[in-house]
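A.B. asks: Requesting a structural model of the entry that follows:
(chains A, B, C and D)
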Protein chains: 4
Amino acid sequence: MFSKRTDLAVEAREIWNESAEDTTKIKGVEADDYLRDGCNITKVRILDKDGEAALEKPVGTYITVEMTGISRHEPDAFKRIVAAVAAELKLLLPVDKGSALVAGLGNRYITPDAIGPLAVESVMVTRHLVDRMPDVFGTMRQVAAISPGVLGTTGMESAEVIRGVIDRAKPSMVIIVDALASRKLSRLCHTIQIADTGIVPGSGVGNARSALNKETLGVPVISIGVPTVVDAATMVSDLLESAGLQEVNPETIKDFSGGMIVTPKEIDTHVEEIARVIGYAINISLHPDLTIDDIASFLA
Amino acid sequence: MFSKRTDLAVEAREIWNESAEDTTKIKGVEADDYLRDGCNITKVRILDKDGEAALEKPVGTYITVEMTGISRHEPDAFKRIVAAVAAELKLLLPVDKGSALVAGLGNRYITPDAIGPLAVESVMVTRHLVDRMPDVFGTMRQVAAISPGVLGTTGMESAEVIRGVIDRAKPSMVIIVDALASRKLSRLCHTIQIADTGIVPGSGVGNARSALNKETLGVPVISIGVPTVVDAATMVSDLLESAGLQEVNPETIKDFSGGMIVTPKEIDTHVEEIARVIGYAINISLHPDLTIDDIASFLA
Amino acid sequence: MFSKRTDLAVEAREIWNESAEDTTKIKGVEADDYLRDGCNITKVRILDKDGEAALEKPVGTYITVEMTGISRHEPDAFKRIVAAVAAELKLLLPVDKGSALVAGLGNRYITPDAIGPLAVESVMVTRHLVDRMPDVFGTMRQVAAISPGVLGTTGMESAEVIRGVIDRAKPSMVIIVDALASRKLSRLCHTIQIADTGIVPGSGVGNARSALNKETLGVPVISIGVPTVVDAATMVSDLLESAGLQEVNPETIKDFSGGMIVTPKEIDTHVEEIARVIGYAINISLHPDLTIDDIASFLA
Amino acid sequence: MFSKRTDLAVEAREIWNESAEDTTKIKGVEADDYLRDGCNITKVRILDKDGEAALEKPVGTYITVEMTGISRHEPDAFKRIVAAVAAELKLLLPVDKGSALVAGLGNRYITPDAIGPLAVESVMVTRHLVDRMPDVFGTMRQVAAISPGVLGTTGMESAEVIRGVIDRAKPSMVIIVDALASRKLSRLCHTIQIADTGIVPGSGVGNARSALNKETLGVPVISIGVPTVVDAATMVSDLLESAGLQEVNPETIKDFSGGMIVTPKEIDTHVEEIARVIGYAINISLHPDLTIDDIASFLA
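C.D. replies: Below you'll find the model as predicted:
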């Protein structure tokens, strides 16, 4: 029986495979691996109820981009990874040229949770420009952006705030950026998941709140998520299990109940860097004619 | 003929008086000065159309608190000024115990415009706690908070975002915090204006956007504003006029057209300090049983 | 044979005790527990070579203050804990009234490493005031402060920068604030260690650099350290050992080699809060006549 | 009689010319204008005592680069301006390949004063790498960097801290970055002055402290300064004078005595942008083989 929670479909598939005898096929799930711009891409498609039950995720497409090279500081890593993420993101965007709302979920002031609000700072906001300066910006796609904050600092679910904003801004689609939890340290700050199924904010860090998807928001929802933490208690129980210990003295792990996380020592730098990758990739997928230099000067 | 713009009613009254022969009485305007907790308070009431025309502000009550002592770093200045602002604010709050939404207007990343978003960080957000932990928080007033961002970074007017949020959170009242423009350097970072007439965001720094008041938001709107800048062009023209020069060579002042502001050198520190005063004063006016120490430990 | 590294003497003693048959006595080590201002205090004295060998720390006094209540947000926790830390710190300060240099070690932009630079922001800097305004400040102790940065951002060891500053400022003593590594999650952000033996910066996070102590700096050195992270690899090996697994498949723990840390989810908030406690405690120990309110208005 | 203070040699020359009958020649001063990479450059050479007396600056070379295009957000403005500044900076660097110390003067937490500390964050620090990894970095120039803080937060003059650091790091040259005061609004955040005469820190904002130059530091000192503020009192008196008012009622300008500055509304953004230009230009002048992309990946 499968019962391990993860935000990443690619990880759910691995866990399923670990627990299965036949590692190659999951009923209702299709998977595909390929290389784009030097990044390993895995595309997992959950096709039906069987696939949903196997991976505990809704029907839809989940693309994982490994940001190879970003930590080795190759000179062209930024451009290359932005190109890969933008190209994959474009596959999931609705085909029309409609307006978009980009929402950066999470708490700006808790580093591993700040990816969403920081990514929004690199998004080219054009909605008001198209409206007010049609001669100059009339041919651009209208993009609005919001960081709805978190329940603890606003008193409102992100979903409430975003629904309120959608009622006013009336976008054709919503792109959500959020931090995720992974079960594997090697994925932290190295992987981006893009999905067309929406998101349940906060589920990665402990509390499932109201969903953000086409059913609840009324427009297509594309989510972009990056694992930044592994829950320490989850990691420990995975680890003890992999070491062959099925029964652990509760005393051994009692310290882990207090909200401890495992995260890279350089998390502050990673979060800024990846947020910028995501912001630029969103810009290029929404405005395919622009170059990275164009975007840099728009944002300056 | 009176045509000088200012966000402060107390300043509009001064300007009117300067230009009038009779300095004591403006038709349709009542004014009152008193001392509370060591702070000079001026209350200006605009009573009717005559008052509106004279001061170019809508009918309502405008209270100005001079934060005497805050810049001299008296040991008890913080507590004293919070008490004064809270007491004046309470005079303008609706009497019922309904829920409140606090909105911090302005750009968090432009220092003199950051008072609103920073004040929100010192507001006790209780809406979700009252809902989810009624045994502990059931008797508290529900307070939500939002920093709606600015047009340039969200693509939406603050008013649009706040209306969207109100539709979802359904507060009984809105308290708005914003930075203002003054015409007098001596008022910068030393004065708080509280009004029951709402606000036209951004008007102080150049562009009037849609109003935030009872007509547009559907619930009572209390605004709290602090002048943090004097527009350099305004200052120069006031100055030259006061020096007796009615006609100035346009060449003399052409440099001032590019968005220059006059502000205290220590603006970063002032803005943090005053935002904290405002946050605490809001908390005490909404939860009169709490002390400053209670609030400090809630916010810690 | 004892070989587990920890920055905390109290923890070294625990580890020794765990591995020893007789848990009460370590040769060359004296320990004492008591309560002050509601905080549990443990004082470990390493008396001689035997004690040094047992706990792998130099001869000296190590005081651990548990900051009980700081995480429960008691109204008076801040004042109480500052009083406890200040009182213990005073026990280790040289008795004369000489000038002090406070050095905040660590990287301001890596959250769990930022305790030192942040604490320095709450230190009352008086050296220049005593010099220039002797009528007002002449009776105060002269205090200077520096955040020397880290090797990766300055190209210089903290010790080099501090020695250079000491040559110029000529303080009678140095107080060093730094983040530490612990082996126990329950100590993270809950414990302050004060010692009169100086410090080896960076040792807690992987690389031992040149020591900062009386021998290398030429004046008494008091160190104040707070554990903010547990090294993930250390934690995992401790955990597997406590679970009875002496031999672990290296494959199991290979992910942990990449600089992963375990830290509280709310580390950003904790670090700010504790840095403020330390800054205030330093101020009170150096200027015993001042109250917390006096310090707050000096720093405002 | 000439008595107007300015940090900029190019401005001193203008003021001299305004007050002189013959606007083309100042004895002991040579000046030259040219274009480089689309930027207007003015090079003022003070040759002797006569030039020193005329411009109230020490003998040496002062190069002013106008950062044309940076505010219009041209796509290639960053690269172009970095190239221009780097090329001019290289003209003043000592010819040998010796090690450098870059010092970022000013207060990181007062926006218009933060250019120095922010520029240092974009400097490639290599001193420790050359020492410890000679196989990889052995051919690079050794660069160290320090932000010495300001008197009010450290209790020490910048000059004291830097001298202490020089004693330890023993660089062959010092490059100092600092914010300046201008008399002309049009220069704010649009001009960079590079000089080989060192600097008197703080002189631009009111208090002259000890000089940083070859005499006091013992090695060549190159300074890079950017005007970010105009002192409000200076501006007003210049303005009234240019309007033909030689005698001003002191009452008119009494508000200006309290440390008011004139600065662009977008100062936060400008300061970050220019600091990055300066950091990159320093890197390219010290490591001429590197490209902007190389530097970006080193710093990532």
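A.B. asks: Could you measure from residue A:299 over to chain B?
C.D. replies: 11 Å (Cβ to the nearest Cβ, to the nearest Å). Where you see a C-beta, it was placed from the backbone N, CA and C, and this is true even at glycine.
A.B. asks: for residue A:81, same thing?
C.D. replies: For residue A:81, the distance to chain B - Cβ to the nearest Cβ - is 25 Å.
A.B. asks: any idea how far the residue nearest to that residue when sequence neighbours are not counted lies from chain B?
C.D. replies: Distances taken as Cβ to Cβ, 6 or more residues apart in numbering or on different chains place residue A:67 nearest to residue A:81, at 5.0 Å, with adjacent residues excluded. Taken as Cβ to the nearest Cβ, the spacing of residue A:67 relative to chain B amounts to 26 Å.
A.B. asks: and if you look at residue A:261?
C.D. replies: Counting by Cβ to the nearest Cβ - residue A:261 and chain B are separated by 20 Å.
A.B. asks: For that residue, give the beta-bridge partners.
C.D. replies: residue A:231, residue C:263 (DSSP bridges).
A.B. asks: what sits against it?
C.D. replies: Applying Cβ atoms under 8 Å, 6 or more residues apart in numbering or on different chains, we find residue A:261 in contact with A:112, A:229-232, C:262-265.
A.B. asks: ok, now which ones touch the residue nearest to residue A:81?
C.D. replies: By Cβ under 8 Å, 6+ apart, residue A:67 lies in contact with A:39, A:77, A:81, A:190-192, A:274, A:277.
A.B. asks: Residue C:124: which of the residues you listed is nearest?
C.D. replies: residue A:274 (39.4 Å; Cβ to Cβ).
A.B. asks: Give me the three-state assignment for the closest one.
C.D. replies: At residue A:274 the chain is in helix, as set by DSSP: H, G, I helix; E, B strand; the rest coil.
A.B. asks: That one - nearest residue in space that isn't next to it in sequence?
C.D. replies: residue A:226 is the one closest to residue A:274 (Cβ to Cβ, 6+ apart), at 5.5 Å.
A.B. asks: Make sure I have this right: residue A:175 is in a strand.
C.D. replies: Yes - under three-state DSSP, residue A:175 sits within a strand.
A.B. asks: Just to check, it is in contact with residue A:222?
C.D. replies: Yes - Residue A:175 is within contact range of residue A:222, at 4.9 Å (criterion: Cβ atoms under 8 Å).
A.B. asks: wait, residue A:130 sits on residue A:124?
C.D. replies: No - between residue A:130 and residue A:124 there is no contact under Cβ under 8 Å: 11.3 Å.
A.B. asks: between these two, who's got more neighbours?
C.D. replies: Taking other Cβ atoms under 10 Å in any protein chain shown, residue A:130 and residue A:124 do not tie; residue A:124 has more neighbours (23 against 18).
A.B. asks: So for residue A:175 and residue A:222, which residue has more residues nearby?
C.D. replies: Applying other Cβ under 10 Å to residue A:175 and residue A:222 shows that residue A:175 carries more neighbours, namely 27 against 23.
A.B. asks: And the pLDDT at that one?
C.D. replies: pLDDT recorded at residue A:175 is 98.
A.B. asks: Spell out which parts of the stretch 51-200 of chain A neighbour chain D.
C.D. replies: A:73-78 (Cβ under 8 Å from any Cβ of the partner chain).
A.B. asks: Please repeat the previous calculation with a cut-off of 7 Å.
C.D. replies: Selection of the stretch 51-200 of chain A residues close to chain D by Cβ under 7 Å from any Cβ of the partner chain yields A:73-77.
A.B. asks: which regions of the stretch 51-200 of chain A sit below the pLDDT cut-off?
C.D. replies: Regions of the stretch 51-200 of chain A meeting the criterion pLDDT under 70 cover residues A:71-73.
A.B. asks: for it, what spans make up the helices?
C.D. replies: A:77-92, A:115-120, A:127-132, A:134-137, A:151-154, A:158-169 (DSSP state H, counting those that start in this stretch).
A.B. asks: now do the stretch 201-300 of chain A
C.D. replies: A:214-217, A:232-242, A:250-253, A:267-286, A:292-299.
A.B. asks: In TSV: those helices, plus distance to residue B:152.
C.D. replies: TSV is the format used below for the helices of the stretch 201-300 of chain A (distance: least, Cβ to Cβ, whole Å):
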stretch	distance to residue B:152
helix A:214-217	25
helix A:232-242	40
helix A:250-253	49
helix A:267-286	16
helix A:292-299	11
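A.B. asks: would you turn the ones you listed into CSV with distance to residue D:169 and mean neighbour count?
C.D. replies: Formatted as CSV, those follow (distance: least, Cβ to Cβ, whole Å; neighbours: other Cβ atoms under 10 Å in any protein chain shown):
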stretch, distance to residue D:169, mean neighbour count
helix A:214-217, 57, 15
helix A:232-242, 41, 19
helix A:250-253, 48, 13
helix A:267-286, 25, 23
helix A:292-299, 34, 17
